[in-house]
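A.B. asks: I need the structure of the sequence given here:
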Amino acid sequence: MVTNAVRQGAVFRAVADPTRREILYLLRGGRLSVGELARNFRTSRPAVSKHLRLLREAGLVRTHRRGVLRLCELNAVPLRDIRDWLREYEKFWTHNLYQLKRYVEEGQ
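C.D. replies: Coordinates of the predicted model:
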């Protein structure tokens, strides 16, 4: 059984890399083959495949076979883990900015 913390860690590791973030960005427009994705990068196709494997393991990319092509599509659901994690910090910063505003206004 995969725990929430393990799943969340995999998602954070997956999006930590700029190449993987760019792959996710490209897939926002719809399904692309591995070859189509690879053409967008200066790295080798095997390197792009490795990035795709990590994205699949994190649940961010799904692949489907169509003949000899392997089509990739975005699964944005796991990105909710990042959104939820960031929400806690948003509350923190909102509170601190409010406190700063109050301090500045009282000092005038």
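A.B. asks: closest to the centroid, which residue in this protein?
C.D. replies: residue 15 (4.1 Å; C-alpha atoms, centre = their mean).
A.B. asks: in the longest helix along the chain, what's buried?
C.D. replies: Criterion DSSP state H: the longest helix present in the chain is helix 79-107. Within helix 79-107, the residues that count as buried by 16 or more other C-beta atoms under 10 Å are 79, 81. C-beta: built from backbone N, CA, C; applies to glycine.
A.B. asks: state the helix or strand in which residue 52 lies.
C.D. replies: If you go by DSSP states H and E, residue 52 is part of helix 45-57.
A.B. asks: quick one: least confident helix or strand in the chain?
C.D. replies: Lowest mean confidence among the helices and strands of the chain (mean pLDDT, DSSP states H and E): helix 79-107, at a mean of 81.
A.B. asks: output the contacting helices and strands for that one.
C.D. replies: Using 3 or more C-beta pairs under 8 Å, 6 or more residues apart in numbering; DSSP states H and E, the elements in contact with helix 79-107 are helix 4-15.
A.B. asks: what does the helix it packs on contact?
C.D. replies: Residues external to helix 4-15 that are found in contact with it (C-beta atoms under 8 Å, 6 or more residues apart in numbering): 20-21, 24, 54-55, 57-60, 78-79, 81-82, 85.
A.B. asks: could you redo the last one with a cut-off of 7 Å?
C.D. replies: Helix 4-15 is contacted from outside by 20, 21, 54, 55, 57, 58, 60, 78, 81, 82, using C-beta atoms under 7 Å, 6 or more residues apart in numbering.
A.B. asks: what about this protein, any weak spots by pLDDT?
C.D. replies: Counting by pLDDT under 70, the chain contains low-confidence residues at 1-2, 108.
A.B. asks: sounds good, over and out.
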